[in-house]
Each structure stands twice: as structure tokens, then as C-alpha cells.
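> pasting a predicted model and its sequence here:
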Amino acid sequence: MTTARLLQLVACAAALLLAVAAGGAAAQGVGSIITRAVFNSMLPNRDNSLCPARGFYTYDAFISAANSFPGFGTSGGNAELNRRELAAFFGQTSHETTGGTRGAADQFKWGYCFKEEISKATSPPYYGRGPIQLTGRSNYQAAGNALGVNLVGNPDLVSTNAVISFKTAIWFWMTAQGNKPSCHNVILGRWTPTAADTSAGRVPGYGVITNIINGGIECGIGPNDANVDRIGYYKRYCDMLGAGYGNNLDCYKQRNFAS
């Protein structure tokens, strides 16, 4: 065997070991729950020709981003809570990016259809982008600082780089801001409401995550379609992943955190 051939075989073996290690890391984390097949089943229309985001939200980008946040979907203490967190994350982000028609039989199969706010009218140029629809200069600044990326100078990275896009959503999910707890702690049952929260009707459960994300518009106004949509996606994913829903799924009677 020639030296060149030997070096080639060694290089191939090293590449294979790296691939196996990477696959093993994914299998031990979020990837053990959200496999490629599950991801595709959860989001069957994300690459539909009707969706502006087609081809953008890939499984590999999601896993790459998720692996940057070791506690995300892995630190619930038991398998069901890990699955519930991921169902909640995809439930909220699917609503934020939905292309579904309310009331349609397939309403909750159209998550991740959009990657940018349709009107681009909210806080331009810092309008909603990515799975969580990151909005506002302060959020772009904070997310960029956390990720080591200049999102204030180049906000379009959130709608052109899929890994960064997913990272901004997971960063928001994992991060408490102001008087708001993190979505992560809420869904894992690690948030204890303050006296002010209790007075405002904010109780542990999926509904307070809606309050964290868009409470100023959707909470404290009674039943509304946006809450129904968020809950519908969440329940579908919980059913797919084998997780219970928990209590307090809506924020109909909750005052928003800014009040």
C-alpha cells in the first residue's frame, strides 16, 4: 500500500469518526426526540411552494442551533418534560410563522411557512424575522450580543442564515427578560409567580408563554383566534411526541407583563 493511499484511508476513517460523534451527540440531545423524520412530520408544509420560507428552515440548521444551548429540550429532569418543552417551542414558533388557514382541517400543519413579517411594518428595519419573529432593536441587540453576531448592523442575518435564525429563537426561549421569566423555565415548571403575577392572573402553564411572547396583543382580552392557534399547534406536537399538555394553556384572563 502506498503512503498516499494510507493517508487517504486514515483521513476517511477520521471523517467517519467525526460524523459518528456528531450523530451521537445529536442523538443524546434534542436530536433523540426531534429526529429528522419527526421534524418532517411536524412541519410537512414548510417547503411548500406557497411558503415564502421554503427551503430555509432545515433540520440540520435546527440541530446545529439547538446544540449551542445544552439545556434546551434536555434538562427537564425526565423524558416527558423534555418532549413537552420541544412541543411548546414548536407550538409557539409554528404560530409565529404559520401559513395555515384558521378553521381548515390542516390548520396546524403549516408551521414555518414564513421567515419574515409579512408587512415589515413593526419596528423597521427590526421587524419580525425567524421562528420566534424576533422584533425590535433591543431584541436584535440583546440576541446579537448573546450570539456574538452583529444583528443590529445586519438584521437580515435572521432571515438569511438558518442557523442564526434558529439560534435567535432558542436564545429568546431560554432567556428571562425584565419581569418576564424564560419560556424554558415556565414550561419545565420552574417558574414561581410573584405576588404581582398572581394578581395579574399569570399562572404557570403554556398560556403564560404566550403572554411572554405577545401578551400585549393576545392576553387579557378573552378567547381569541391567536391563542387557539398557538394551543392547537402545541397539542398536535404534544400528541406526536407523547407528552401531556399540562394546565393553563391560554392567557385569556391574564394581564400582560407590561401592565
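Nice, I can see it.

> for the stretch 101-250 of the chain, what spans make up the helices?
137-147, 157-160, 162-174, 183-187, 195-199, 206-218, 225-241 (DSSP state H, counting those that start in this stretch).

> turn those into CSV, columns for mean pLDDT and distance to residue 126.
Where C-beta positions appear, they are placed from N, C-alpha and C, glycine not excepted. CSV is the format used below for the helices of the stretch 101-250 of the chain (pLDDT from 0 to 100; distance: least, C-beta to C-beta, whole Å):
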stretch, mean pLDDT, distance to residue 126
helix 137-147, 98, 5
helix 157-160, 98, 10
helix 162-174, 98, 12
helix 183-187, 98, 20
helix 195-199, 97, 28
helix 206-218, 98, 16
helix 225-241, 98, 21
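
> now those as TSV including distance to residue 131 and mean neighbour count?
Shown next, in TSV, are the helices of the stretch 101-250 of the chain (distance: least, C-beta to C-beta, whole Å; neighbours: other C-beta atoms under 10 Å):
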stretch	distance to residue 131	mean neighbour count
helix 137-147	12	18
helix 157-160	9	21
helix 162-174	4	23
helix 183-187	12	24
helix 195-199	26	12
helix 206-218	11	23
helix 225-241	12	20
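
> quick check: which of the ones you listed is nearest to residue 104?
helix 225-241 (10.9 Å; C-beta to C-beta).

> quick check: phi and psi at residue 156.
Per-residue torsions, residue 156: phi -70, psi -10 (degrees, to the nearest 10).

> oh, that last question was meant for residue 62, not what I typed.
Taking degrees, to the nearest 10, you get phi -60, psi -50 for the backbone angles of residue 62.

> picking that back up, next, format the helices of the stretch 101-250 of the chain as CSV and append distance to residue 254.
As requested, the helices of the stretch 101-250 of the chain are exported to CSV (distance: least, C-beta to C-beta, whole Å):
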stretch, distance to residue 254
helix 137-147, 21
helix 157-160, 28
helix 162-174, 19
helix 183-187, 12
helix 195-199, 9
helix 206-218, 5
helix 225-241, 10
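
> now stretch 101-116: mean pLDDT?
Averaging pLDDT along stretch 101-116 yields 97.
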